[in-house]
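Asker: Kindly return the folded structure for what I paste below:
(chains A and B)
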There are 2 protein chains.
Amino acid sequence: MSSAAPTIYPQAAIDKMIAAIQFNDQGLVAAIAQQRGTGEVLMMAWMDRDAVAETMRTGRVCYWSRSRQAPWRKGDTSGHIQELVDLRVDCDGDTLLVEVEQTGVACHTGRHNCFFRAIRNGELETIAAVEADMTAVGKE
Amino acid sequence: MSSAAPTIYPQAAIDKMIAAIQFNDQGLVAAIAQQRGTGEVLMMAWMDRDAVAETMRTGRVCYWSRSRQAPWRKGDTSGHIQELVDLRVDCDGDTLLVEVEQTGVACHTGRHNCFFRAIRNGELETIAAVEADMTAVGKE
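Answerer: Prediction:
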């Protein structure tokens, strides 16, 4: 897929987006990352206010890691970054759809997306192959 | 889009899927509904254990309404149902990707999907038109 410059926004637009978001009682909003062009749903994670702002300011997708309770600039450790294409907020303001250009893979298991388990022939099976060795990376 | 029979699962498969899900402290799992074929992300909502089981048993997508604190069989009021195509669970077990065949529109505003607000020319704009009159339906 051809690569374009990531989308960035001026502060006034960032403020307008953040004003439209209904952060939950933990200060977080759900964020669904979708690959530009293919429509593949890559992952779902959470953003706090700073992650939304940093994502929009820099064009590099950032989350809030609930497990580490820390900002999570995706790909800083692994190189598997997400560049921002477009950002949409839903009717209730509690979910973002983040259109991205994924470099490498989205999942910490090395699969291209996180949704690789489904029922096949009555069993819960792994339906996607590991594409990248993430053993040295750890879970971001 | 051609319509096929919805996917249904035997109880043993339902049990295996539910065993793979990490329900949160409210007993819920995030569920992303994606239209089969087009890849359009329609909405994000929540399922409890019963909603997952009912969805898989009947092929009609059901959620848990947090606002009403009640089961929510999507489309029972509006007719805008979702039929199950495939169900995937993510690496952490805390998000489902629900591939559906959407009848009508997914959003209670009458738009085809819930993600209709984005920054355009520096302003938060509505980027999708209302396709269905939902005023008589209310929010499901």
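Asker: Bridged to A:Leu28, which residues?
Answerer: A:Asp48 (DSSP bridges).
Asker: okay, now it: neighbour count?
Answerer: Neighbour count for A:Leu28, taken as other Cβ atoms under 10 Å in any protein chain shown: 19. C-beta coordinates here come from the backbone N, C-alpha and C atoms, glycine included.
Asker: per-residue confidence for it?
Answerer: Turning to A:Leu28, the model gives it a pLDDT of 98.
Asker: and if you look at A:Thr135?
Answerer: A:Thr135 is given a pLDDT of 82.
Asker: For it, pull up the helix or strand it's in.
Answerer: Per DSSP states H and E: A:Thr135 is located in neither a helix nor a strand.
Asker: ok, it to chain B distance?
Answerer: The spacing between A:Thr135 and chain B, counted by Cβ to the nearest Cβ, to the nearest Å, is 15 Å.
Asker: Could you count how many residues lie near that residue?
Answerer: By the measure other Cβ under 10 Å, the count of residues near A:Thr135 is 7.
Asker: ditto for A:Glu40
Answerer: 16.
Asker: That one touches A:Ile32, doesn't it?
Answerer: No. Using Cβ atoms under 8 Å, A:Glu40 makes no contact with A:Ile32, being 11.2 Å away.
Asker: Which pLDDT value belongs to A:Gly104?
Answerer: Confidence for A:Gly104, expressed as pLDDT, is 97.
Asker: Tell me how many other residues surround A:Thr126.
Answerer: Neighbour count of A:Thr126, defined by other Cβ under 10 Å: 12.
Asker: before we move on, what about the one 10 residues further on?
Answerer: Neighbour count of A:Ala136, defined by other Cβ under 10 Å: 7.
Asker: Would you mind measuring from it to A:Gly110?
Answerer: Between A:Ala136 and A:Gly110 the computed distance is 11 Å (Cβ to Cβ, to the nearest Å).
Asker: go on, A:Glu99?
Answerer: Taken as Cβ to Cβ, the span from A:Glu99 to A:Gly110 is 23 Å.
Asker: Next up, the contacts around A:Leu96.
Answerer: A:Leu96 makes contact with A:21, A:29-32, A:47, A:52, A:87-90 under the criterion Cβ atoms under 8 Å, 6 or more residues apart in numbering or on different chains.
Asker: Which positions in chain A make contact with chain B?
Answerer: Within chain A, the positions adjacent to chain B are A:9-10, A:12-13, A:16-17, A:19-20, A:30, A:32, A:34, A:38-41, A:43-44, A:86-92, A:95, A:97, A:107-109, A:111, A:114-119, A:122-124, A:127 by Cβ under 8 Å from any Cβ of the partner chain.
Asker: Need the three-state assignment for the nearest residue to A:Arg66 once chain neighbours are set aside.
Answerer: In this structure, A:Arg66 finds its nearest non-sequential neighbour in A:Trp46, 6.0 Å apart by Cβ to Cβ, 6 or more residues apart in numbering or on different chains. Assigned with DSSP: H, G, I helix; E, B strand; the rest coil, A:Trp46 falls in the strand class.
Asker: Kindly tell me how buried A:Trp46 is, as a neighbour count.
Answerer: Using other Cβ under 10 Å, A:Trp46 has 20 neighbouring residues.
Asker: ditto for A:Pro10
Answerer: Neighbours around A:Pro10, by other Cβ under 10 Å: 12.
Asker: Let me see the confidence value for the nearest residue to it once chain neighbours are set aside.
Answerer: If the residues on either side of it in the chain are set aside, A:Pro10 comes closest to B:Gly122, at 6.6 Å by Cβ to Cβ, 6+ apart. pLDDT recorded at B:Gly122 is 97.
Asker: And for A:Ser3?
Answerer: Looking at A:Ser3, its pLDDT is 65.
Asker: again, but for A:Lys16
Answerer: pLDDT at A:Lys16 comes out at 98.
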